[in-house]
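Undergrad: Got a predicted model here, sequence first, then my questions.
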Amino acid sequence: MASSLLLLLLFATFFISCSFSQIILPLTHFLSKTQFKTTHHLLKSTSTLSAAKLRHRHHSRRQVSLPLSPGSDYTLTLSLGSNVPQQITLYMDTGSDLIWFPCSPFECILCEGKTDPKTAAAAVFNVSSTAAALVSCKSPSCAAAHSTLSSSDLCAMAKCSLENIEISDCSSHSCPQFYYAYADGSLIGRLYRDDLSIATSTPGIVVKNFTFGCAHSALGEPIGVAGFGRGVLSLPGQLATFSPELGNQFSYCLVSHSFDSDRVRRPSPLILGRHLLEETKENELNTNKGDGFLFTSMLDNPRHPYFYSVGLEGISIGQSWIQAPASMKRVDREGNGGVVVDSGTTYTMLPARFFHSVTTEFNRQVGRFYKRASETEDRTGLGPCFYIDPVGTESRKVPSLVLHFVGKNSSVVLPRNNYFYEFIDGGDGAKKGKKVGCLMMMNGGDEAEASGPAATLGNYQQQGFEVVYDLEKHRVGFARRKCSSLWDTMNRR
């Protein structure tokens with residue numbers, strides 16, 4: 001009787017854990033106006049960080065896109081630990097394939113000003129108070145973290161004897177420390193396993209033996225990262241092993257904010273697993289009733305398999321078509337080319353020649369009505385910028401912008417706020433500032449001198465869209481949404 005009851009409880013637990021087809025989590029935009037003295041400071045900081053990330057991708061042996069500073073990215077909270085679960089705040093990043101976070105005791109060098117002390121303290125995991133176990137040097141997870149080394153090499157580094165290496169008896173030796181270097185920071189970590197708890201509005205789930213990186217020292221990286229890239233160590237990769245329904249598809253819908261902190265107080269929904277638009281109230285979610293996803297195929301990258309790369313045919317400015325270079329349409333055998341869809345980079349970065357063509361055409365059309373704001377361009381790192389008329393008279397003078405991805409019916413029309421940011425420049429109370437508008441895309445550098453991705457689609461251009469990553473069908477989709485309403489509607493279900 002007791003054994004039957006135990007089997008029944010085990011079955012019930014398994015059923016609850018594995019019957020989930022969808023989990024909804026809140027993403028929080030990590031924007032703090034107190035960190036930026038002026039709008040110029042905010043824009044200059046975010047543009048500098050976006051440029052640094054692309055430069056790092058072009059030149060680093062192991063390209064990993066990571067959030068580098070608060071003010072430009074999104075965070076989520078997970079619970080870890082089989083004894084007393086601890087809540088950890090992490091950046092959500094589709095451009096990396098590992099979950100890691102600071103572990104106590106933690107030393108962060110040159111981290112002053114990157115986040116407030118309270119947030120930094122909440123991001124540190126006390127691994128010694130948990131049942132977390134070190135990952136073995138023979139584990140595939142260890143090989144994935146080190147990427148280029150065989151398990152025999154890793155076990156030798158872990159001081160397993162030659163005899164035991166030859167007979168594959170090194171499971172008691174832990175995985176060696178790994179080193180990650182980023183554009184403005186780095187860390188040294190160890191791989192652990194413990195239970196991951198994901199709380200939802202329905203009964204939560206527990207993922208046993210979840211693998212994560214634990215860093216006791218870092219340079220310029222005070223907060224950890226939840227990697228959502230295409231890899232076995234990423235959150236979707238590990239969820240797919242636990243439950244394919246959860247891990248084979250995820251999406252997020254970033255609330256439109258235009259750097260207005262009042263607009264980002266509401267959560268942006270992160271949806272793990274499948275959900276059907278037909279099951280929700282379309283008129284509450286769509287900007288236009290009946291809107292569906294526009295899909296484009298993922299491009300496999302042999303050198304950087306964790307990137308979500310897609311192809312771009314061109315960009316339309318108003319009625320003018322601008323052809324994208326061949327490098328943006330495909331990825332070659334060396335892993336060069338394609339457009340990385342990235343939640344952890346703020347602005348879209350384009351190859352220099354293509355960026356010049358886009359900005360020249362944009363300037364030709366807008367410059368007929370407005371004067372260039374060159375000083376604003378110098379102070380923000382963005383451009384072209386223009387002095388524009390008061391509210392209500394400028395709409396017809398700013399042309400539409402459409403991203404034409406590879407594939408049939410794969411053209412995404414961006415809302416104007418996603419590519420043209422308007423703000424008041426100057427003014428000190430006595431003198432009224434001027435209204436300025438800037439194109440929110442950036443020069444990614446000369447592609448002839450670079451390697452790696454040709455371009456990046458940043459999160460600023462993804463605002464107001466549900467972006468779905470369909471790992472089963474190897475495609476990325478975009479659909480216009482009222483993201484704040486999507487959060488409310490899905491949490492009522």
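TA: Structure's in. What do you need? Keep in mind that what you see is a predicted model, and the values were worked out from it rather than measured.

Undergrad: residues contacting V207?
TA: 195-198, 238-239, 242 (CB atoms under 8 Å, 6 or more residues apart in numbering). All C-beta spots, glycine's among them, are computed from the backbone N, C-alpha and C.

Undergrad: again, 10 Å this time
TA: Taking CB atoms under 10 Å, 6 or more residues apart in numbering as the criterion, V207 is in contact with 17, 78, 80, 194-198, 235, 238-239, 241-243, 246.

Undergrad: Quick check on these: which are buried?
TA: Among the contacts of V207, those classed as buried by neighbour count (16 or more other CB atoms under 10 Å) are 17, 78, 80, 194-198, 235, 238-239, 242-243, 246.

Undergrad: Which entry within those residues corresponds to the minimum pLDDT?
TA: pLDDT across those is at its lowest for S17, which sits at 36.

Undergrad: Please name the nearest non-neighbouring residue to V84.
TA: Excluding the flanking residues, the one nearest V84 by CB to CB, 6 or more residues apart in numbering is S129, at 7.4 Å.

Undergrad: pLDDT weak spots in the stretch 201-350 of the chain?
TA: Applying pLDDT under 70 to the stretch 201-350 of the chain flags residues 201-203, 258, 260-265, 275-291.

Undergrad: which residues of it fall in strands?
TA: Using DSSP state E, counting those that start in this stretch, the strands of the stretch 201-350 of the chain run over 205-219, 224-227, 249-253, 268-273, 294-297, 309-310, 312-317, 320-323, 339-341, 348-350.

Undergrad: Report all helices and strands that the third one contacts.
TA: Strand 249-253 sits against strand 22-29, helix 235-242, strand 268-273, strand 465-470, strand 475-480, helix 483-491, with contacts defined as 3 or more CB pairs under 10 Å, 6 or more residues apart in numbering; DSSP states H and E.

Undergrad: and I99, which of the ones you listed is closest to it?
TA: When the helices and strands packed on strand 249-253 are compared by CB to CB, helix 235-242 sits nearest I99, at 6.0 Å.

Undergrad: between the closest one and strand 268-273, how many degrees?
TA: Interaxial angle of helix 235-242 relative to strand 268-273 (axes from the mean of the first three to the mean of the last three CA atoms, to 10 degrees): 30 degrees.

Undergrad: A240 - how many residues pack around it?
TA: A240 is flanked by 18 other residues according to other CB atoms under 10 Å.

Undergrad: contacting residues for the residue lying closest to S400 once chain neighbours are set aside?
TA: Nearest non-adjacent residue to S400, counting by CB to CB, 6+ apart: G318, 6.0 Å away. Contact analysis of G318 by CB under 10 Å, 6+ apart lists 361-362, 364-366, 398-402.

Undergrad: Neighbour-wise, which one of those residues leads?
TA: Counting by other CB under 10 Å, F362 has the largest number of neighbours within the contacts of G318, with 25 neighbours.

Undergrad: Among the buried ones among the contacts of V207, find me the one that's closest to D470.
TA: Ranked by distance to D470 (CB to CB), the buried ones among the contacts of V207 are led by L246 at 13.4 Å.

Undergrad: hang on, that closest one packs against L25?
TA: No. In this structure, L246 is not within contact of L25 by CB atoms under 10 Å, at 11.6 Å.

Undergrad: So for these two, which residues contact both of them?
TA: Here L246 and L25 have 198, 272 as joint contacts, going by CB under 10 Å, 6+ apart.

Undergrad: Distance to I88 added to the buried ones among the contacts of V207, as a markdown table?
TA: Putting the buried ones among the contacts of V207 into a markdown table (distance: CB to CB, whole Å) gives the following:
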| residue | distance to I88 |
| --- | --- |
| S17 | 21 |
| L78 | 6 |
| L80 | 6 |
| D194 | 11 |
| D195 | 13 |
| L196 | 10 |
| S197 | 11 |
| I198 | 12 |
| L235 | 12 |
| Q238 | 15 |
| L239 | 17 |
| F242 | 19 |
| S243 | 21 |
| L246 | 19 |
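
Undergrad: The residue nearest to S400 and T130, how far apart?
TA: 57 Å (CB to CB, to the nearest Å).

Undergrad: now swap in Y252 and tell me
TA: Using CB to CB, Y252 is found at 29 Å from T130.

Undergrad: Give me the more crowded residue out of the two.
TA: Y252 (25 against 19).
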